[in-house]
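Novice: 3D, please:
(2 chains)
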Number of protein chains: 2
Amino acid sequence: MRPTRRDLLKSSLAAAAATALPTSAQTFTRSHTTHRALTPAELHANYVKCDAAAARPVFRRDLFPNPVIIDTIELLHYKKSWLCRVRSKDGAEGISISNAAQMASLYPIFVDRIAPYWLGLDARDLEKHLDLCMVYQSNYKATGMAMFVPLATLEFAILDLFGKLVDKPIGLLISDKIHNPSIAVYQANGERYISPEETIEHLQRDVAISHAKAIKFKLGGRMSHVETPPDRSARLIPMVRKTFGDQMVISADSNGSYDVAEAIRIGKIMQEYKYAFYEEPVPFDDYDGLQQVADALDIPIALGEQEPSTWNFRHVLAHNAVGIVQQDMFYFGGMVRCMKVARMAAALNKQCIPHISSTGLGYVYMMHFVSAITNSGPFHEFKEFNNDLPYKCDTSTLRASSEGIITVPTGPGVGVEIDPDYIKKHEVMKVIKPANFKDAE
Amino acid sequence: MRPTRRDLLKSSLAAAAATALPTSAQTFTRSHTTHRALTPAELHANYVKCDAAAARPVFRRDLFPNPVIIDTIELLHYKKSWLCRVRSKDGAEGISISNAAQMASLYPIFVDRIAPYWLGLDARDLEKHLDLCMVYQSNYKATGMAMFVPLATLEFAILDLFGKLVDKPIGLLISDKIHNPSIAVYQANGERYISPEETIEHLQRDVAISHAKAIKFKLGGRMSHVETPPDRSARLIPMVRKTFGDQMVISADSNGSYDVAEAIRIGKIMQEYKYAFYEEPVPFDDYDGLQQVADALDIPIALGEQEPSTWNFRHVLAHNAVGIVQQDMFYFGGMVRCMKVARMAAALNKQCIPHISSTGLGYVYMMHFVSAITNSGPFHEFKEFNNDLPYKCDTSTLRASSEGIITVPTGPGVGVEIDPDYIKKHEVMKVIKPANFKDAE
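Specialist: Coordinates of the predicted model:
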């Protein structure tokens, strides 16, 4: 029996009411409100809204009356840690913690192809240079995580510097106000090649600790490979609902495991058991298949963690192929680029639940971003902080409360201080502007 | 005055007849045969054709009755040179010359994220493992040149090994027969920030040397930036036609410089002056904008040099948004992946003119590929070989003739021998399979 739209809404609202939601007492957003194809006029109207939203500046340049010239950019490396330190000509300093797993193979791109572009520029022109940096050395030809993780690493350090200059958290550098001072988290299980029974056990174990009011687990075999054990998805979906009851907000992620027919079959089971959203039903770059799945289902579809293109987000949003965008703070290239996508989604009444890769303090960047958006989903993934990093944060425990709520830091910049003695252990690679530097070529 | 379809066809055929075309006495293929939107049934039929073409195996596994187990993979580095050497358990050896400009920042990806997957596998399962390697360590999340240049580097070495085992050139490992034993070249000018007059001078200088019967030059400001000098494109297009006359086959490449309106304006000028094809009118990932441009113009549209997704090629082909696909031999990840796209294009009566990045012997890989496809465009870009590489080739001069024709090598594998003393100068990085290796996870 397929649930009606009213059933789905009721279920989600009931679940939302049962949690202490800080600011977003809302349900997840549907991809479609109708199942017919959009008329050309409707599609055009969606594009006009997206383009207007994306055209609005993100970085609050108005806070900085004087030039902030980038003097040095350093990549700092120690064991598995990669930091970025930026200093201005006037002696201001910002630091970021990179995505260590990715930077271990992407550091030459940071040093040779991204950072040199920025030396000597006025950092207040951040937004313009995020675009031009992709034209520099034809970087756009390597569009994807390989370029965007280094770019985000640099942007986060620049924003930390700006935040310290005016004593404001990063959220207030990309938004006029803090929309979400705290964030409700969901509990995720990332295992895939274990039995349904084991998956249930692990979710129960973790929810007992985190007290999360929402959970998510993995479906399928990852990127169209055979599922192990066979038919795990179809068995697991009802079991999770039965185990955790009607009040739990439950979602599931296939990581592009299915073809269109199987994606629809699984999606209908999720609908039957009142799941909240369905993440990546088909391979992430099969936009035609995605559209077919979205047209066939009522459940909100979420996606975007490895999508590198603002154009593609615009396409799937305008075509109502997605209800929730999940751009990754590192993989998509930082706060400004991520905000453009969140605003396009907001313009079409769709939500944003940014994806966060990496250990380290990746989650802190995600929290600052969520604090600054108007269309946050009701729950966000929480990944444990890397305890190897000695830091202090005076304005947040950086831990979820017994109600599954986490407070966004309010100190200047990132709002987290890394132990200076730990920073000193790092080897410093100083970026030198290459002799053949040409602007925007 | 807009030319009719008959005018365009006549002009292209006349130009083709005037050159000594080795095997492809044909014109360039149009994106559309009609300007109306496809019906759902027509679109579906196109997808069925694409999928059937892409499903056919590329690698000629039938030539190899016995397992070929990969024993070692080495990345060799000396100054600006990056080579890859693969050896099988039975002592067979293959070598490839990588794209040096890209490998200079991508070598950690080759060593840490691509090559380890392949050790101990039966290389005859090449096609399966090209896909699974992208799931290994979630490599697909970094889809793009960063993954595919290392992957192509490895595939070229494996194909060289296979070719030497059965004394066949690479073309006969990916096709039942050689369709193009020689290739007509076009003369390209890559400058963009010079005046129309200078562009003409440089083209005249280069055509006098190469005797090419076709030319191509750059339009716009690269990826939506302001053109310098102003309105260079609109002035240059008529000047080139006037200078080189009606018999010259002329194309131009905007590298994604324009928005939709400007792309159409420039395209109409190109049509007026009977240009052969129009390369990358809008940013490469703006598929919606591309469709609008294709629907408004008659001139064949060519694109694909930085497209990383087979799904996206399928989309633009099935929607008649493109007449000529230009997947890059390195950026798109090697012969097998490139052949799938060429065959999808062939199934819809569209052409392939593969893009080649890199100096070194990149052009040789492109020649082998062109030799093996049924839908080659009539002219291909020729880039000078890097003279730093000491090699010999007994079966081709690897130079264009006085008629602008170049012969594809017919020796085993790549058909080019690199001086062993030069190889010995390289530092060798041997790839070790990591302890945490898990198949397809």
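
Novice: CA only for contacts and neighbour counts going forward, please
Specialist: OK.

Novice: hey, where'd the helices end up in the stretch 201-350 of chain A?
Specialist: Counting by DSSP state H, counting those that start in this stretch, the segments of the stretch 201-350 of chain A that form helices are A:232-244, A:260-272, A:287-296, A:310-318, A:335-347.

Novice: in JSON lines: those helices, plus mean neighbour count, distance to chain B and mean pLDDT.
Specialist: Formatted as JSON lines, the helices of the stretch 201-350 of chain A follow (neighbours: other Cα atoms under 10 Å in any protein chain shown; distance: least, Cα to the nearest Cα, whole Å; pLDDT from 0 to 100):
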{"stretch": "helix A:232-244", "mean neighbour count": "18", "distance to chain B": "17", "mean pLDDT": "96"}
{"stretch": "helix A:260-272", "mean neighbour count": "20", "distance to chain B": "13", "mean pLDDT": "97"}
{"stretch": "helix A:287-296", "mean neighbour count": "20", "distance to chain B": "7", "mean pLDDT": "95"}
{"stretch": "helix A:310-318", "mean neighbour count": "22", "distance to chain B": "5", "mean pLDDT": "97"}
{"stretch": "helix A:335-347", "mean neighbour count": "25", "distance to chain B": "15", "mean pLDDT": "98"}
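
Novice: select, out of those, the one closest to residue B:124.
Specialist: Using Cα to Cα as the measure, helix A:260-272 is the one of the helices of the stretch 201-350 of chain A that comes nearest residue B:124, at 29.8 Å.

Novice: which strands or helices does the closest one pack on?
Specialist: Packing partners of helix A:260-272 (3 or more Cα pairs under 8 Å, 6 or more residues apart in numbering or on different chains; DSSP states H and E): helix A:232-244, helix A:287-296.

Novice: up against chain B, what does the stretch 301-441 of chain A have?
Specialist: A:306, A:309, A:311, A:312, A:315 (Cα under 8 Å from any Cα of the partner chain).

Novice: from the residues you listed, which is closest to residue B:408?
Specialist: Proximity of those to residue B:408 (Cα to Cα) peaks at residue A:309, which lies at 37.4 Å.

Novice: my guess is the closest one contacts residue B:285. True?
Specialist: Yes: using Cα atoms under 8 Å, residue A:309 is in contact with residue B:285, at 6.9 Å.

Novice: residue A:374 contacts residue A:346, doesn't it?
Specialist: Yes: under the criterion of Cα under 8 Å, residue A:374 makes contact with residue A:346 at 7.3 Å.

Novice: about what we covered before: between the helices of the stretch 201-350 of chain A, which one is nearest to residue A:130?
Specialist: In terms of Cα to Cα, the element of the helices of the stretch 201-350 of chain A nearest to residue A:130 is helix A:335-347, at 8.4 Å.

Novice: quick check: buried residues in whichever strand or helix holds residue A:164?
Specialist: According to DSSP states H and E, residue A:164 maps onto helix A:145-166. Buried residues in helix A:145-166, counting neighbours by 16 or more other Cα atoms under 10 Å in any protein chain shown, are found at A:145-165.

Novice: give me the subset of those residues touching chain B.
Specialist: A:145, A:146.

Novice: domain ranges for chain A?
Specialist: Taking automatic domain parsing as the domain assignment, the ranges for chain A are A:5-56+A:172-407, A:67-167+A:420-440.

Novice: residue A:403: how many residues sit nearby?
Specialist: Using other Cα atoms under 10 Å in any protein chain shown, residue A:403 has 15 other residues around it.

Novice: any idea which of the domains of chain A scores lowest on pLDDT?
Specialist: Mean pLDDT values for the domains of chain A show the minimum at domain A:5-56+A:172-407, a mean of 88.

Novice: so how far is that one off the chain centroid?
Specialist: Here the centre of domain A:5-56+A:172-407 is set off from its chain's centre by 9 Å, with Cα atoms, centre = their mean, to the nearest Å.

Novice: same thing with stretch A:67-81?
Specialist: Chain-centre distance of stretch A:67-81: 23 Å, with Cα atoms, centre = their mean.

Novice: buried stuff in that stretch?
Specialist: Buried residues in stretch A:67-81, counted by 16+ other Cα under 10 Å: A:68, A:69, A:70, A:71, A:72, A:73, A:74, A:75, A:76, A:77, A:81.

Novice: that one near chain B at all?
Specialist: No: judged by Cα under 8 Å from any Cα, stretch A:67-81 makes no contact with chain B; its nearest approach is 14.4 Å.

Novice: now do the same end-to-end measure for that stretch.
Specialist: Across its full length, stretch A:67-81 reaches 31 Å between end residues, using Cα to Cα, to the nearest Å.

Novice: want to throw the residues of the stretch 301-441 of chain A next to chain B into TSV with distance to residue A:426?
Specialist: As requested, those are arranged in TSV below (distance: Cα to Cα, whole Å):
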residue	distance to residue A:426
A:306	30
A:309	33
A:311	38
A:312	38
A:315	43
